[in-house]
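Engineer: Sequence and predicted structure are below.
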Amino acid sequence: MRGAGTSGKIRYAVVGLGYISQVAVLPAFANARRNCELVALVSDDPVKLAALAKRHRVEKTYTYEQYADCLSSGEVDAVYIALPNHMHHDYAVAASRMGVHVLCEKPLGVTELECDEMIRIADDHGVFLMTAYRLHFERANLKAMEIARSGKLGEVRLFNASFTMQVDAGNIRLNRAELGGGPLFDIGVYCINAARHLFRAEPVEVFAYSADGGDKRFGDVDGTAAALLRFANDRVGSFLCSFGASDTGWYQIVGTKGDLKVDPAYEFAEALEHTLTIGGRSRRTSFPKRDQFAPELLYFSDCILKGATPEPSGREGLADVRVVRALMRSAQVGAPVKLEDFQRRRRPTMAQEAKRPPVERPALVHARPPSAG
């Protein structure tokens, strides 16, 4: 298992240089220099490699065919995997087998079997695997979890959410579901993760309905999914996610005494906001825009340096993927799907909050956002 380099910092290779890497992951290293450094880039696009290596002062670049060389170089302690969803498994497993730690974007894999294997192989080789849940370190969402536990809302009974956007034709998010495409894998996972932690429980049964609205963009994947999640003690979660609707991104929890709405809830490029209503009186709280990716890097690097298992572990990634897959099955058969018992003892807490200043949006190199609108 790799430790730190001679600098005492964890040395990272970022694998995949698409939109999220360019606007968020790569710039975050400047805010995470306390315990980590960016030392290598991996991509099959020579223009990206040249331009981004120069921008971020990275000396080592590799193609995907040279990934094994990157892992065996002795110059990389960890990888940040920001590849298309269906590539997460293979690249994470390859790193683990070389003793390189893995920080992997969500969804962790596209099947439960992939996630299980990623977890097992990381354990077998003594490396840490962390699923990149940036909101586990962000104050607005951590504070919402604290409010849900506090009793201020009474008994929390309901969760409701919407996460929608317009995705341009040809975007990788419209890949077939077998490749991890579609709104459930890409953005529905945020709603599932929020519901699980606000209720501090795992769903026991789910039901889903999917639609495409006759839109030609959605020939290989559903454009919209509506989901119901049943939890123990008569608690219910619901959400809508879509690649064919205008931008929304909020959730609401409702208790017997009041409710809390977080809107925006999932954004990384703007301020987030709470509206807490108790006894008919509402109070708004704004949470300034921050760098949500540097805290992930700082936390994971500390885990490696201290030998501490990360909270959003591989098993946390599996927890959401199993729900996504159950929802997909439900939509196919038109009936509820029961879930097997699944235990999660660790949940995000305010102790994981980290504050870092926002980064400026850079010019994109051979990459584009989900929508040009």
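Structural biologist: Sure, I can see it. What you are looking at is a predicted structure, and each value in this text was computed from that prediction instead of being measured.
Engineer: How about the contacts made by residue 344?
Structural biologist: By C-beta atoms under 8 Å, 6 or more residues apart in numbering, the residues touching residue 344 are 196, 202, 315, 316, 319. Using the backbone N, CA and C atoms, a C-beta is placed for each residue, glycine as well.
Engineer: same thing with residue 17?
Structural biologist: Contact analysis of residue 17 by C-beta under 8 Å, 6+ apart lists 26, 41, 42, 43, 45, 48, 49, 52, 82, 365, 367.
Engineer: I'd say the third one and residue 21 touch.
Structural biologist: Yep, that's residue 42 we're talking about. No - if you go by C-beta atoms under 8 Å, residue 42 and residue 21 don't touch, sitting 10.2 Å apart.
Engineer: shared neighbours of those two, anything?
Structural biologist: Among the neighbours of residue 42, those also in contact with residue 21 (C-beta under 8 Å, 6+ apart) are residue 14.
Engineer: one step back: what about the contacts of residue 17, which are in strands?
Structural biologist: Of the contacts of residue 17, the ones assigned to strands by DSSP state E are 41, 42.
Engineer: List just the nearest of the contacts of residue 17 to residue 177.
Structural biologist: Among the contacts of residue 17, residue 82 lies closest to residue 177 (C-beta to C-beta), at 20.3 Å.
Engineer: Checking residue 148 next. Helix, strand or coil?
Structural biologist: The three-state label given to residue 148 by DSSP: H, G, I helix; E, B strand; the rest coil is helix.
Engineer: most surrounded residue in the contacts of residue 344?
Structural biologist: Most neighbours among the contacts of residue 344, by other C-beta atoms under 10 Å: residue 316, with 25 neighbours.
Engineer: Can I take it that it is in a helix?
Structural biologist: Yes - under three-state DSSP, residue 316 falls within a helix.
Engineer: Quick one: residues contacting the nearest residue to it once chain neighbours are set aside.
Structural biologist: Of all residues not flanking residue 316 in the chain, residue 131 sits nearest, at 5.3 Å (C-beta to C-beta, 6 or more residues apart in numbering). Contacts here follow C-beta under 8 Å, 6+ apart; on that basis residue 131 touches 104, 106, 108, 312, 313, 314, 316, 317.
Engineer: now do 6 Å
Structural biologist: Counting by C-beta atoms under 6 Å, 6 or more residues apart in numbering, residue 131 touches 106, 108, 312, 316, 317.
Engineer: Now tabulate the residues you listed in a markdown table and tack on pLDDT.
Structural biologist: A markdown table is the format used below for these (pLDDT from 0 to 100):
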| residue | pLDDT |
| --- | --- |
| 106 | 97 |
| 108 | 98 |
| 312 | 96 |
| 316 | 98 |
| 317 | 98 |
